[in-house]
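[1] Sharing a sequence plus its predicted fold:
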Amino acid sequence: MVITGGCHCGAVRYQVDGDALTHALCHCTDCRRHAGAPMVAWTMYPIDLVKVTKGTPKVYASSDHGRRHFCADCGTGLFFSNAQVLPGIIDIQSATYDDPDAVPARAHIQVADRIGWMAQAHELPQFDRYPPHE
Ligand SMILES: [Zn+2]
Ligand SMILES: [Zn+2]
């Protein structure tokens, strides 16, 4: 399966040719803070399958060996790598796929750090756009 994606402004684009090893929704504190979002969806690939086809992501050391790769122009988080814990592996923020439905999520991880209300988030009222005005 060939997957393409990129950041919000289009300065960084990437292509993946192959199948994801897994797809997890991560609730850890580092993901939450770096993304500014309650959780981050990650697909995991052998690093050789992932090619940056446009631009160069900026790399931020979010822990001793954890590296977060993001667009320096628009701030979109794109990749995570950790050569110590996961050598030869790269994670992609799957919400940056051109087709974010291409690979279904398989698990929630790091739920020990999850925001309390996120556990029941799927039970909240849902609107196609916004709630109606009174
Ligand atoms: Zn960008
Ligand atoms: Zn995380």
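    Alright, I've got the coordinates. Ligands and ions are numbered 1, 2, ... in the order given.
[2] For this structure, which residues are neighbours of ligand 2?
    C26, C28, C31 (Cβ under 5 Å from the ion). In this view, the C-beta of every residue, glycine as well, is placed from N, C-alpha and C.
[3] again, only this time at 6 Å
    Residues of the chain lying close to ligand 2 by Cβ under 6 Å from the ion are C26, C28, D30, C31, Q110.
[4] For stretch 117-129, what is the distance to the chain centroid?
    Distance of stretch 117-129 from its chain centroid, counting by Cα atoms, centre = their mean, to the nearest Å, is 20 Å.
[5] quick revisit: just among the residues of the chain next to ligand 2, which is most surrounded?
    The member of the residues of the chain next to ligand 2 surrounded by the most neighbours (other Cβ atoms under 10 Å) is C31, with 25 neighbours in all.
[6] Off-centre distance for stretch 119-133?
    23 Å.
[7] And stretch 64-77, by the same measure?
    When distances are taken as Cα atoms, centre = their mean, stretch 64-77 is centred 11 Å away from the chain's centroid.
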